[in-house]
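**Q** return a 3D structure for these sequence lines:
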Amino acid sequence: MQAWIARYRAQKKMEHVWSFAGLPGGAGLLNVNSLEELDAILSEFPFGPFSDIKIYPITELDGSLQRVKQAMQQASGGAGATPQKVAARSAARRPSAFPSGPGGAILSAGSLRLTWCMLR
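**A** Got it, this is the predicted structure:
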C-alpha cells in the first residue's frame, strides 16, 4: 500500500490520502486526466479485491454554485430565481401521483479530479 501511494504521489496524481479515525478504510484525492487513467491507477490498488470503492467526482464550489444559479434562472425564466421559487414551480408542474416535497432539477457537474474512497 505504501509503495502504491508513494508512486502516485511522486507522479503528482495522488494529492491527499486519509484514513478513517477508528474505522478500517480511508479515502484519497486523485487528480487524473481521464476515467481510463483512474481505472488504471485503481486497478493497482493493493486492497482493491477486499474493498468497496466509491468514486465521487468533485468540482470547485464557487463554479458549481454559479452553474446552479444559472440553471435556476433558466428554469424560472428570469434572474429572480431562488431555490424556493424553482421548487414551487417544479412542484406545480409535477403530476399528482408523485410525492409532494421540494422539487427542481438535480444537477451534476463532472470533473476528472476525483475522490476515491475505500471502505471496509
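**Q** and Gly22, helix, strand or coil?
**A** Classification of Gly22 using DSSP: H, G, I helix; E, B strand; the rest coil returns coil.
**Q** quick one, helices of this protein?
**A** Ranges of helices in the chain, per DSSP state H, are 2-10, 35-43, 61-76, 83-93.
**Q** lowest-confidence stretch among those?
**A** If you rank the helices of the chain by mean pLDDT, helix 83-93 sits at the bottom with a mean of 62.
**Q** quick one: which of the helices of the chain is nearest Lys54?
**A** Lys54 lies closest to helix 35-43 among those, at 11.2 Å (C-beta to C-beta). (Each C-beta comes from the backbone N, C-alpha and C, glycine too.)
**Q** could you check the angle helix 2-10 makes with the closest one?
**A** 150 degrees (axes from the mean of the first three to the mean of the last three C-alpha atoms, to 10 degrees).
**Q** quick one: buried residues of helix 35-43?
**A** Neighbour-count burial for helix 35-43 flags Leu38, Ile41, Leu42 (criterion: 16 or more other C-beta atoms under 10 Å).
**Q** on that earlier part again, how about TSV for the helices of the chain, with distance to Pro49 added?
**A** Below are these laid out as TSV (distance: least, C-beta to C-beta, whole Å):
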stretch	distance to Pro49
helix 2-10	14
helix 35-43	11
helix 61-76	34
helix 83-93	43
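**Q** these: which one's closest to Ile55?
**A** Once the helices of the chain are compared by C-beta to C-beta, helix 35-43 is nearest, at 7.2 Å.
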